[in-house]
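Participant: A predicted structure for the sequence below; I have some questions about it.
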Amino acid sequence: MLRYQDFPTDKKVFIFELDDVIYPKRDYLLQVYYLFANFLEFTETFPPQADLVTFFKNHLDSQGEDMIFEHAAEVFHFDLKYKEHFERLFVNAVLPVKLLMKDGIPELLTAIVNADKQICILTKGNPLMQLNKIKHMEWGPLASKLKVYFVDELKFRNLEPLDYIAEELQIAKNDFIYQDC
């Protein structure tokens with residue numbers, strides 16, 4: 001568990017990855033899989049939503065995210081035409097339950113803010129999907145204290161993310177700390 005007292009006190013900016021640092025990425029994935037399973041059962045009447053969700057969960061735990069759709073389609077014999085819908089859900093899903101931060105993270109972020117330090121999120125992956133995750137997080141009063149940057153967007157613009165953040169915030173690179181997975 002990350003705690004404020006475990007970080008150097010001289011840092012002005014704390015930069016965190018979103019997935020598996022701020023919250024468990026698995027929580028987002030399982031909700032998207034649930035939404036897709038409901039959609040597919042409603043559309044095709046098969047497979048049963050609970051069976052498909054169980055398959056997704058077991059696949060995620062044992063083999064990860066890679067090829068999860070293709071393996072599910074093979075096992076449950078549904079049409080590959082649903083892959084576009086599956087992928088679109090990751091970007092624009094309206095989650096049934098807010099995403100909660102990992103244990104200790106709300107206290108860590110609050111301690112950083114109370115120490116008059118700045119918090120940034122620097123997150124990898126599709127910026128639209130990452131933004132959707134951020135939108136569904138339970139930030140509470142911390143929401144207005146965050147500055148968000150997207151690695152993929154910055155790299156697309158041929159910018160080194162940490163250099164860009166340091167320049168934008170007008171700080172030296174040794175004035176921040178970056179915590180990723």
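Facilitator: Nice, I can see it. Residues are numbered from 1 along each chain as shown.
Participant: show me the contacts for the closest residue to Q118 other than its chain neighbours.
Facilitator: Nearest residue to Q118 in three dimensions, chain neighbours excluded: V13, at 4.6 Å (CB to CB, 6 or more residues apart in numbering). C-beta: built from backbone N, CA, C; applies to glycine. Residues counted as contacts of V13 (CB atoms under 8 Å, 6 or more residues apart in numbering) are K117, Q118, I119, C120, I165, L169, I171, D175, F176, I177.
Participant: from those residues, which ones fall inside strands?
Facilitator: Counted as lying in strands by DSSP state E, out of the contacts of V13, are Q118, I119, C120, F176, I177.
Participant: nearest to D103, of those residues?
Facilitator: Closest approach to D103 among the ones in strands among the contacts of V13 (CB to CB): I119, at 17.8 Å.
Participant: surely that closest one meets A111?
Facilitator: No: with contact defined as CB atoms under 8 Å, I119 does not count as touching A111 (10.5 Å).
Participant: hey, which helix is longest across this structure?
Facilitator: helix 25-44 (DSSP state H).
Participant: so what does that helix touch, helix or strand wise?
Facilitator: Other elements packing on helix 25-44 under the criterion 3 or more CB pairs under 8 Å, 6 or more residues apart in numbering; DSSP states H and E are helix 49-63, helix 83-92.
Participant: using TSV, lay out those together with distance to R157 and mean neighbour count.
Facilitator: Shown next, in TSV, are the helices and strands packed on helix 25-44 (distance: least, CB to CB, whole Å; neighbours: other CB atoms under 10 Å):
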stretch	distance to R157	mean neighbour count
helix 49-63	32	15
helix 83-92	20	14
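Participant: export those helices to TSV and tack on distance to K145?
Facilitator: What follows is the helices and strands packed on helix 25-44, written out as TSV (distance: least, CB to CB, whole Å):
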stretch	distance to K145
helix 49-63	32
helix 83-92	25
